[in-house]
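Enquirer: Provided below are the primary sequence and the corresponding predicted coordinates.
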Amino acid sequence: MKSAENIKKLQSPASHVTPEVIMTSDSILGVGMNIYELRGLKAEISFSQPDSTDTEVYLYSRSCDFTSYDPHENRYLGSLVVNGKELATNISRLGYCAMANNNVVIGVARDEKVKDYCIENRGSFFRQFILISNGVLPSRFYLHGKVERRAIGRIGNKLYYIESHNKEELWTFADALREYGFIDAIHITGGTDYCYYRSADGRLHDIGDANQKGKKHKGQGTIPWLVFKKRKTFVAIYSCSSYDDNFPIKSPAAADGRQVSRYGLHPE
């Protein structure tokens with residue numbers, strides 16, 4: 001997906017879809033996978049691991065890689081932008097995930113146009129290794145050995161989170177994703193790290209090592225968690241329907257208390 005196309009997607013009004021995560025389990029080329037379709041969700045980067053009581057969260061996982069749990073020694077690998085603030089910039093990893101205006105896209109690019117758009121629009125962005133680009137595997141993989149694998153992938157305009165059932169070589173995992181039909185996919189670190197997803201009925205379901213459930217990760221404040229949440233709908237309630245010099249329109253309030261002008265929602 002070209003940068004200009006993904007920026008256009010980020011600019012588009014978010015679709016009104018019931019928020020949910022739909023999990024299916026499948027196997028292809030001998031690789032077993034759990035595949036989570038992400039519907040009606042926005043995404044953000046958080047340095048706090050989501051709590052199971054947060055009903056706004058529908059799925060979360062790791063995002064970009066980093067060098068140390070010690071914040072004084074740590075550096076993030078690849079570009080990282082959180083709420084418009086650039087924390088790292090490096091294009092050694094060409095895959096990316098971008099979040100802005102309640103939309104989420106993944107892609108592959110050497111340029112920083114999508115990252116710059118996220119900075120300008122208070123969005124978030126991170127880079128990761130490519131698994132698939134436009135239906136083609138990269139000529140070289142930089143991670144070796146067999147471990148549990150995770151990814152974010154795209155089929156058409158649908159976004160998915162994927163985890164392998166077993167330990168797999170990265171090439172084997174990527175090839176299975178391509179054979180399954182994914183057009184683009186990026187690696188997600190984390191292996192067996194515990195996280196969860198929430199089904200449409202609000203119930204939580206474990207992902208990863210359930211023995212870690214309820215335990216806060218030692219990288220709190222350092223790990224940039226990728227968090228998929230329910231989109232919020234803002235409702236403006238106006239105090240009058242006309243305007244003149246003697247009776248000005250009073251600024252309405254959004255559902256979360258923020259003020260709305262005639263030109264849209266004021267940022268916080």
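Expert: Yep, that arrived.

Enquirer: Helices along this structure, start to end?
Expert: Using DSSP state H, the helices of the chain run over residues 3-11, 113-120, 170-180.

Enquirer: tell me the mean pLDDT over the second one?
Expert: This means helix 113-120. Per-residue pLDDT over helix 113-120 has a mean of 97.

Enquirer: Please point out which parts of that helix sit buried.
Expert: 114, 115, 117, 118, 119 (16 or more other CB atoms under 10 Å). Heads up, the C-betas are built off the backbone N, CA and C, glycines and all.

Enquirer: now the last one
Expert: Going by neighbour count (16+ other CB under 10 Å), the buried part of helix 170-180 is 170, 172, 173, 174, 175, 176, 177, 178, 180.

Enquirer: Let me know the closest of the residues you listed to residue 110.
Expert: Ranked by distance to residue 110 (CB to CB), the buried residues of helix 170-180 are led by residue 174 at 19.7 Å.

Enquirer: Neighbours of the closest residue to residue 56 other than its chain neighbours, how many?
Expert: Once flanking residues are discounted, residue 56 sits nearest to residue 229: 4.8 Å by CB to CB, 6 or more residues apart in numbering. Residues contacting residue 229 under the criterion other CB atoms under 10 Å number 21.

Enquirer: Could you check the pLDDT of residue 245?
Expert: At residue 245, the pLDDT value in this model is 40.

Enquirer: My error: substitute residue 261 in the last question.
Expert: Looking at residue 261, its pLDDT reads 38.

Enquirer: what do you get for residue 233?
Expert: pLDDT, residue 233: 56.

Enquirer: could you dump the helices of the chain to CSV with distance to residue 132?
Expert: CSV is the format used below for these (distance: least, CB to CB, whole Å):
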stretch, distance to residue 132
helix 3-11, 16
helix 113-120, 18
helix 170-180, 5
